[in-house]
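1. how would this look folded up:
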Amino acid sequence: MGIFRRLTEKPWVETDERVESLHTKSFRTHDRKVALYVFLCVVGSVFFLLFAATHMRIALATDWVPMPEPFLLWVNSIVLVAVSMALEYSRRLVNSKRDGMLVFLIGGVLTVVFLVLQIVVWWQLIELGYAAQRNPSNAFFYVLTALHAAHLFGGLIAWCRALWRMRDREGDYAHIRLSVELCAIYWHFLLLVWVVILALFVST
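-> You can find the predicted model right below:
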């Protein structure tokens, strides 16, 4: 009897018995945060492969010539640290239901400053004769820093959306808090990537 009932089932027909709730108390992470973590895993894998390729190129070649370290590069690093701190402070303000819009705005403006300064660093290095085609170390440096800058630029799109939500005083507070938190997580990740990039080239 059970087999006959199994054979005559119509799984494409929705019934009350087949409706199941997907929400559980043990898993409360928002789907947008899960999507961000998955995206960061993919991005992290790409950077890891580039780091591994850089390390292998250094170990297997004799034509690797270290690049100079412009002072502006260290200034830029401090700016990126300030961005991460500003977004983290903004996240804490929003979580405590205080106005974190000004600090959040400062974080975005400093990100633009970082990108502009990075272009200046590239220009200085090219003026000194360290073009990408001159040496493998130059090429890897430009690829890694340009890819990092591209991800920062993409993050500014999400930052603009979050800032727009924060301007709307009657907007959904839960969405505002989530947007600020996602921006903070993303920038913390890119700060970590930047530290690894610096450590990789300074050590050579």
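
2. low-confidence ranges in this structure?
-> 1-29, 61, 169-172 (pLDDT under 70).

3. State which helix of it is the longest.
-> helix 136-167 (DSSP state H).

4. what angle do the next helix or strand after it and helix 136-167 make?
-> Using DSSP states H and E, the helix or strand that follows helix 136-167 in sequence is helix 173-202. Angle of helix 173-202 versus helix 136-167, following axes from the mean of the first three to the mean of the last three CA atoms, to 10 degrees, is 170 degrees.

5. before we move on, the earlier item: in the longest helix of the chain, which residues are buried?
-> Buried positions in helix 136-167, judged by neighbour count with 16 or more other CB atoms under 10 Å: 136-138, 140-142, 144-145, 147-149, 151-152, 155, 159, 162-163, 165-166. The way it works is simple: take the backbone N, C-alpha and C, and place the C-beta from them, glycine included.

6. Check stretch 84-98 too.
-> Buried residues in stretch 84-98 (16+ other CB under 10 Å): 84, 85, 86, 87, 88, 89, 90, 91, 93, 94.

7. One more: stretch 65-82?
-> With burial defined by 16+ other CB under 10 Å, the residues of stretch 65-82 counted as buried are 67, 70, 73, 76, 77, 79, 80, 82.

8. Not including adjacent chain positions, what is the nearest residue to the last one?
-> When you say that, I think you mean residue 82. Nearest non-adjacent residue to residue 82, counting by CB to CB, 6 or more residues apart in numbering: residue 110, 5.6 Å away.
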